[in-house]
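[1] the following block contains a protein sequence and its predicted model.
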Number of protein chains: 2
Amino acid sequence: MKVLIVEDDPLHRSYLHEAVNAALPECDTVIEAENGTVGEKLARDHKSAHIVMDLQMANRNGIEAARTIWKERPETRILFWSNYSDEAYVRGVSRIVPDGAAYGYVLKSASDERLKLALRSIFIESQCVIDREVRGLQQKSLGQTNGFTDSEYEILVDIALGLTDRAIARRRGLSLRSVQNRLQQLYDKLDVYQSAGEDHEDGRFNLRARAVTVAFLRKLLNYSALERAEAELQEWLEGK
Amino acid sequence: MKVLIVEDDPLHRSYLHEAVNAALPECDTVIEAENGTVGEKLARDHKSAHIVMDLQMANRNGIEAARTIWKERPETRILFWSNYSDEAYVRGVSRIVPDGAAYGYVLKSASDERLKLALRSIFIESQCVIDREVRGLQQKSLGQTNGFTDSEYEILVDIALGLTDRAIARRRGLSLRSVQNRLQQLYDKLDVYQSAGEDHEDGRFNLRARAVTVAFLRKLLNYSALERAEAELQEWLEGK
DNA sequence: CAACAAGCTGCGGGTTTACGCAAGACGGCG
DNA sequence: CGCCGTCTTGCGTAAACCCGCAGCTTGTTG
């Protein structure tokens, strides 16, 4: 059994290496990659079936890498090991995991024990292991009880990118008014009004900009989500 | 000689501990704190004169902590050890360092050697040591050659927070038109126009929102800068 | 099938933004 | 002192944005 580690911090990399050795005696070789690009290449060359990787990496982030890896071999088992449980990451991951694939999401703050357990569960038992903290987010966001619909999230990203209503309408194939409807919905859910302090009219916010900030502060968005969205946008702009 | 380490990642913390031991034989005690709040407290209790700390921590970030520490004892020597060299961080740090204080800024990607050298230079020789990559930013941003004026940065933060023109005017004691002038200046520098692709009018951006995004992508802003700005804003809102 | 909720769309109008134009204010500098 | 550059401010306008109102299309449910 081979395991591929993709992680850019050398300290964490060697820590993972040890953890893998300790948790998986049946593992005979461990390969290391220090960024997403190298990770993809090694995964391809070695036909890796067991990968543990970091989500935030400078060169090419984990979500990107995982996407291409899964595209080539959807049965690959991937354990994401991340510092944060931002909704933006969770959403990003669950958006790309293939049907029935085994994967895991463990926070770096978890104990050694938990990490090792997750390694065994995923790589040996093919079970999904999601950190409970992350799990909470998932339910909230995907079950639309409290969280955000995909269409709401979509429009959030669009205004975050700085598109005009009209541009969004074209991009998403909607009328101008529909876009604005969704915006209102979004403003509602983000609670942009109350913070606008309408008691006096002195604290008023620009709803559009405020929505983006609030989303950021609530970790609905983060840098890497923005980065990805921007790349997609550019792609779309090419295709006219 | 005592050294205080403030860093929330246990791996990095122990790595730092070792590095300090190796680089500073004259250091007899090392204290550790796992977040900014504890860091402040320990610094106070031990009257620490030598601190090395991480900038991004979950509980209370390094800039906040450093500010209160320096407020109490401005001659404290602090070495910041950070993952990133975002302009937002650099600006944040250089905004709070007291006159003549010795401090350092080293990236986590630097070699062992470099870290140890920095430790000695700052703690023993009282010299400032700034990573050259960071240094580059500093000159660009503070010498206003290419970078941003304080007033431009200020207004950037204001629209990022989601304030209206009018609100900004009140907050900064300017007329509405002046605020808008500064905005245009900002849009210019951020190059929001060209990316608006004015050749056809199909790709037009919402300048205000776009400016924020571009600033984010260029690391002029980041999460912790936003967080700080938001706190200041709330404070200001209290005082009506 | 009727009823109903949810989403899309056009219309209309009040606000906010973006910005050209031009008139002061302030600070160097020859 | 007069000239010049930078910063501020007011006026005015076209565009973009926020949003209530109302008519339509769907999918769901009793």
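    Cool, the structure landed.
[2] ok, the most centrally placed residue in chain A to residue A:67 distance?
    Nearest residue to the geometric centre of chain A (Cα atoms, centre = their mean): residue A:89, 2.4 Å. Residue A:89 sits 13 Å away from residue A:67 when distances are taken as Cβ to Cβ, to the nearest Å. (Glycine included, C-beta is placed from N, CA and C.)
[3] same check on residue A:113?
    Distance, residue A:113 to residue A:67, by Cβ to Cβ: 30 Å.
[4] between these two, point out the one with more neighbours.
    When neighbours are counted by other Cβ atoms under 10 Å in any protein chain shown, residue A:113 and residue A:67 differ, and residue A:67 comes out ahead with 17 against 9.
[5] OK, contacts around that one?
    residue A:96 (Cβ atoms under 8 Å, 6 or more residues apart in numbering or on different chains).
[6] how does it look with 10 Å?
    Contacts for residue A:67 were tallied using Cβ atoms under 10 Å, 6 or more residues apart in numbering or on different chains; they are A:40, A:92-93, A:95-98, A:228.
[7] check residue A:98 too.
    Neighbour list for residue A:98: A:67, A:70-71, A:73-76 [criterion: Cβ under 10 Å, 6+ apart].
[8] does any part of stretch A:15-33 sit near chain B?
    Yes: residues of stretch A:15-33 contacting chain B under Cβ under 10 Å from any Cβ of the partner chain: residue A:15.
[9] so what's the residue nearest to the centre of chain A up against?
    A:55-56, A:61-63, A:80, A:82-83, A:105, A:134, A:137, A:219, A:222, A:224-225.
[10] just the element for it, please.
    According to DSSP states H and E, residue A:89 maps onto helix A:87-96.
[11] please enumerate residues in contact with whatever helix or strand comes next after that helix?
    Following the chain from helix A:87-96 toward its C-terminal end, the next helix or strand by DSSP H and E is strand A:103-107. By Cβ under 10 Å, 6+ apart, the residues outside strand A:103-107 that reach it are A:51-52, A:55, A:66, A:70, A:76-85, A:89-90, A:93-94, A:96-97, A:114-115, A:117-119, A:121-123, A:127-135, A:137-138.
[12] direction included, what does strand A:103-107 pair up with?
    According to DSSP bridges, strand A:103-107 has the following sheet partners: strand A:77-82 (parallel), strand A:129-130 (parallel).
[13] could you export the longest one as CSV, CA atoms only?
    Extracted C-alpha coordinates of strand A:77-82, given in CSV (Å, rounded to 0.1, in the frame of the first residue of the first chain):
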residue,chain,number,x,y,z
ARG,A,77,-9.5,8.1,-1.5
ILE,A,78,-8.5,11.5,-0.3
LEU,A,79,-8.2,12.8,3.3
PHE,A,80,-8.2,16.5,3.5
TRP,A,81,-6.3,17.9,6.4
SER,A,82,-7.0,21.5,6.9
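[14] just the angle for it relative to helix A:87-96, thanks.
    Angle between the axes of strand A:77-82 and helix A:87-96 is 170 degrees (criterion: axes from the mean of the first three to the mean of the last three Cα atoms, to 10 degrees).
[15] do stretch A:49-62 and chain B meet?
    Yes: residues of stretch A:49-62 are located near chain B by Cβ under 10 Å from any Cβ, namely A:56, A:58.
[16] endpoints of that stretch, how far apart?
    16 Å (Cα to Cα, to the nearest Å).
[17] deepest-packed of the strands paired with strand A:103-107, please.
    strand A:77-82 (a mean of 24; mean count of other Cβ atoms under 10 Å in any protein chain shown).
[18] got the domain ranges for chain A?
    Each domain of chain A is listed here as a residue range: A:2-142, A:150-239, per the TED database.
[19] need these in a markdown table (columns: mean pLDDT).
    Conversion of the domains of chain A to a markdown table gives the following (pLDDT from 0 to 100):
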| stretch | mean pLDDT |
| --- | --- |
| domain A:2-142 | 91 |
| domain A:150-239 | 89 |
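[20] can you list those domains in TSV and add distance to DNA strand C?
    As requested, the domains of chain A are exported to TSV (distance: least, Cβ to the nearest atom of the strand, whole Å):
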stretch	distance to DNA strand C
domain A:2-142	15
domain A:150-239	3
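[21] want to try CSV for the ones you listed, with distance to residue B:32 as columns?
    Output for these, formatted as CSV (distance: least, Cβ to Cβ, whole Å):
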stretch, distance to residue B:32
domain A:2-142, 16
domain A:150-239, 27
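[22] closest one to DNA strand D among those domains?
    With distances scored as Cβ to the nearest atom of the strand, the stretch of the domains of chain A nearest to DNA strand D is domain A:150-239 (3.4 Å).
[23] which SS class is the nearest residue to residue A:16 once chain neighbours are set aside?
    Of all residues beyond its chain neighbours, the one nearest residue A:16 is residue A:5 (5.1 Å), with distances taken as Cβ to Cβ, 6 or more residues apart in numbering or on different chains. Under the three-state scheme (DSSP: H, G, I helix; E, B strand; the rest coil), residue A:5 adopts strand.
[24] tally of neighbours for residue A:5?
    Neighbourhood size, residue A:5 [other Cβ under 10 Å]: 27.
[25] other SSEs contacting the helix or strand containing residue A:168?
    Take DSSP H and E as the rule and residue A:168 turns out to sit in helix A:165-172. Using 3 or more Cβ pairs under 10 Å, 6 or more residues apart in numbering or on different chains; DSSP states H and E as the contact criterion, the secondary-structure elements in contact with helix A:165-172 are helix A:150-161, helix A:176-190, helix A:223-238.
[26] including mean neighbour count and distance to residue A:36, could these go into CSV?
    Written out in CSV, the entries for the helices and strands packed on helix A:165-172 read as follows (neighbours: other Cβ atoms under 10 Å in any protein chain shown; distance: least, Cβ to Cβ, whole Å):
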stretch, mean neighbour count, distance to residue A:36
helix A:150-161, 21, 21
helix A:176-190, 17, 31
helix A:223-238, 15, 11
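[27] nearest to residue A:44, of those helices?
    The stretch from the helices and strands packed on helix A:165-172 with the least distance to residue A:44 (Cβ to Cβ) is helix A:223-238; that distance is 21.3 Å.
[28] which residues of chain A lie near DNA strand D?
    By the criterion of Cβ under 7 Å from any atom of the strand, the positions of chain A lying close to DNA strand D are A:164-166, A:177, A:180, A:183-184, A:187, A:193, A:206-208.
[29] just flag the most distant two among these.
    Maximum distance among those (Cβ to Cβ): 24.2 Å, for A:166 and A:193.
[30] residue A:189 and residue A:65, how far apart?
    Remark: distance between residue A:189 and residue A:65 (Cβ to Cβ) = 32 Å.
[31] good, we can wrap up now.
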